[in-house]
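Engineer: No sequence on hand, only this structure:
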């Protein structure tokens, strides 16, 4: 396989000297359908042959940052990515994976001995002897954080042993079951929780869900990108296209159909009513930037990339065509006026979704369907 990158965007140097194409590849979707914690957690629209072609396409187009997790298809995503790793020079890739959402037979996912077993399996799946970034996938460290200190020490041990180069953690985020099963009034402040954990973990990288529909930080709260820069951490941005919804690929007259094991089954984002609201709300963006999914993808990705140079965007895929669209959609940078228009339009859409009870952002997960 040719390893000559053809992407036009200059690489960015992130924490620890990792040089990456600013558009990386998120590998959650290629894990396929799956369940965990009693919930659908995967993607029913994945196809292994298409996934492998997509990974190869991404590499040829210059992508070198690939992000996965042990729980994505319970190793299936890692093993598919491992086939690419085996076919190209290891030093041409930046590999990221995660631990914390799958306990197996252990008492807890962050039991240090379990973390070591998971990392060993991840390395085997990926055909590598080290990870460039290893993330603590969630903030649930057991009652009274009983596993927190042990998990942090295990991560530092991995670094000392050369098994991982950098440690990552999630930005402000709720555990999957909390968003669905704990009443809103009984949930803790996720921002306070994040700052507490950040002070303990001292990560090199943050994984942050961010796109044009993400509301600004609460009054008096620092922007997550400024926070990361202040603490010499880099950011990996996920869901920049809101799982395809910001590209206009889904239409209210033909809503997508998902089969068991697909996390989208429990989300109202993809119902005809919500899709109609989104379709109408994207009309000003289609008028300004162009009507195709590629035009809207370009605008959404540019919006995420403009925040800071100390960040890369992770874009998921299920087909090689999506990979090509995402890695070639950036084009001419948006002007400040374009960015302001995009943000204003997205905020107006978010307000419509909130007003009609059509929940969009993960932070406001709807009840089970």
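Structural biologist: Perfect, thanks for sending it. Fair warning: this is a prediction, and the values are worked out from it, not measured in the lab. Numbering: from 1, shown residues only.
Engineer: any idea which helix or strand carries residue 120?
Structural biologist: In the assignment (DSSP states H and E), residue 120 maps to helix 112-126.
Engineer: And that helix, how far out from the chain middle?
Structural biologist: 21 Å (C-alpha atoms, centre = their mean, to the nearest Å).
Engineer: likewise stretch 26-40?
Structural biologist: That offset, for stretch 26-40, works out to 13 Å (C-alpha atoms, centre = their mean).
Engineer: Between the two ends of it, how far is it?
Structural biologist: Stretch 26-40 has its terminal residues 19 Å apart, counting by C-alpha to C-alpha, to the nearest Å.
Engineer: buried set for that stretch?
Structural biologist: The neighbour-count check on stretch 26-40 (16 or more other C-beta atoms under 10 Å) flags 26-34, 36, 39-40 as buried. Yep, even glycine has a C-beta here, placed from its N, CA and C like the rest.
Engineer: same deal with stretch 283-299?
Structural biologist: Residues of stretch 283-299 classed as buried: 284-285, 289, 293-299 (neighbour count, 16+ other C-beta under 10 Å).
Engineer: Now do it, average pLDDT.
Structural biologist: Averaged across stretch 283-299, pLDDT comes to 94.
Engineer: cool, and stretch 212-229?
Structural biologist: Mean pLDDT, computed over stretch 212-229, is 86.
Engineer: ok, residues contacting that stretch?
Structural biologist: Applying C-beta atoms under 8 Å, 6 or more residues apart in numbering, the contact partners of stretch 212-229 are 171-172, 191, 206, 208, 210, 230, 234-235, 242, 246, 299-300, 303-304, 307-308, 310-311, 342-343, 346-347, 349-350, 360-361.
Engineer: Which entries within these meet the buried criterion?
Structural biologist: With burial judged by 16+ other C-beta under 10 Å, the buried subset of the contacts of stretch 212-229 is 171-172, 206, 208, 210, 234-235, 242, 246, 299-300, 303-304, 307-308, 310-311, 342, 346, 349-350, 360-361.
Engineer: Mind checking which of the residues you listed land in helices?
Structural biologist: The helices, defined by DSSP state H, take in 299-300, 303-304, 342, 346, 349-350 from the buried ones among the contacts of stretch 212-229.
Engineer: ok, what's across the strand from residue 168?
Structural biologist: Bridge pairing for residue 168 (DSSP bridges) gives the partners residue 135, residue 205.
Engineer: okay but it is in contact with residue 208, surely?
Structural biologist: No - using C-beta atoms under 8 Å, residue 168 makes no contact with residue 208, being 10.5 Å away.
Engineer: Identify the contacts common to the two.
Structural biologist: residue 236.
Engineer: and the residue nearest to the spatial centre of the chain, what does it touch?
Structural biologist: The centroid of the chain falls nearest to residue 238 when counting by C-alpha atoms, centre = their mean (3.0 Å). Going by C-beta under 8 Å, 6+ apart, residue 238 touches 26, 67, 207-210, 314.
Engineer: what ranges do the helices span in the stretch 251-369 of the chain?
Structural biologist: 272-281, 283-289, 293-305, 320-328, 336-355 (DSSP state H, counting those that start in this stretch).
Engineer: of those, which approaches residue 76 most closely?
Structural biologist: helix 320-328 (18.1 Å; C-beta to C-beta).
Engineer: Which other helices and strands does that closest one contact?
Structural biologist: Under the contact criterion of 3 or more C-beta pairs under 8 Å, 6 or more residues apart in numbering; DSSP states H and E, helix 320-328 touches strand 23-26, helix 48-60, helix 293-305.
Engineer: to the chain's geometric centre, what's the distance from that helix?
Structural biologist: On the basis of C-alpha atoms, centre = their mean, helix 320-328 is displaced by 17 Å from the centre of the chain it belongs to.
Engineer: Stretch 331-346 now?
Structural biologist: Chain-centre distance of stretch 331-346: 22 Å, with C-alpha atoms, centre = their mean.
Engineer: and what of stretch 27-41?
Structural biologist: The chain centroid and the centroid of stretch 27-41 are separated by 14 Å, computed with C-alpha atoms, centre = their mean.
Engineer: still on that earlier bit, now, which of the buried residues of stretch 26-40 lie within strands?
Structural biologist: Mapping the buried residues of stretch 26-40 onto strands (DSSP state E) picks out 26, 36, 39-40.
Engineer: what's the most distant pair in those?
Structural biologist: Most distant of these, by C-beta to C-beta, are 26 and 39, 19.4 Å apart.
Engineer: got a list of contacts for the helix holding residue 120?
Structural biologist: Outside helix 112-126, the residues within contact range by C-beta under 8 Å, 6+ apart are 68, 70, 75, 78-79, 81-82, 85, 95, 97, 99, 102-104, 106-109, 129-131, 134, 147, 150-151, 153-155, 158, 163-164.
Engineer: of those residues, buried ones?
Structural biologist: With burial judged by 16+ other C-beta under 10 Å, the buried subset of those is 68, 70, 75, 78-79, 81-82, 85, 95, 97, 99, 102, 108-109, 130-131, 134, 147, 150-151, 154-155, 158, 163-164.
Engineer: now the strands: where do they sit in the stretch 151-300 of the chain?
Structural biologist: 164-170, 205-209, 234-238 (DSSP state E, counting those that start in this stretch).
Engineer: Please find the angle between the direction vectors of the longest one and strand 205-209.
Structural biologist: Taking axes from the mean of the first three to the mean of the last three C-alpha atoms, to 10 degrees, one finds strand 164-170 and strand 205-209 inclined to each other by 40 degrees.
Engineer: can you redo the contacts of residue 238 as a markdown table with distance to residue 258?
Structural biologist: Listed next are the contacts of residue 238 as a markdown table, based on distance: C-beta to C-beta, whole Å:
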| residue | distance to residue 258 |
| --- | --- |
| 26 | 18 |
| 67 | 23 |
| 207 | 24 |
| 208 | 26 |
| 209 | 20 |
| 210 | 24 |
| 314 | 22 |
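Engineer: with those residues in mind, which one is nearest to residue 252?
Structural biologist: Lowest distance from residue 252 to the contacts of residue 238 (C-beta to C-beta) belongs to residue 209, with 24.5 Å.
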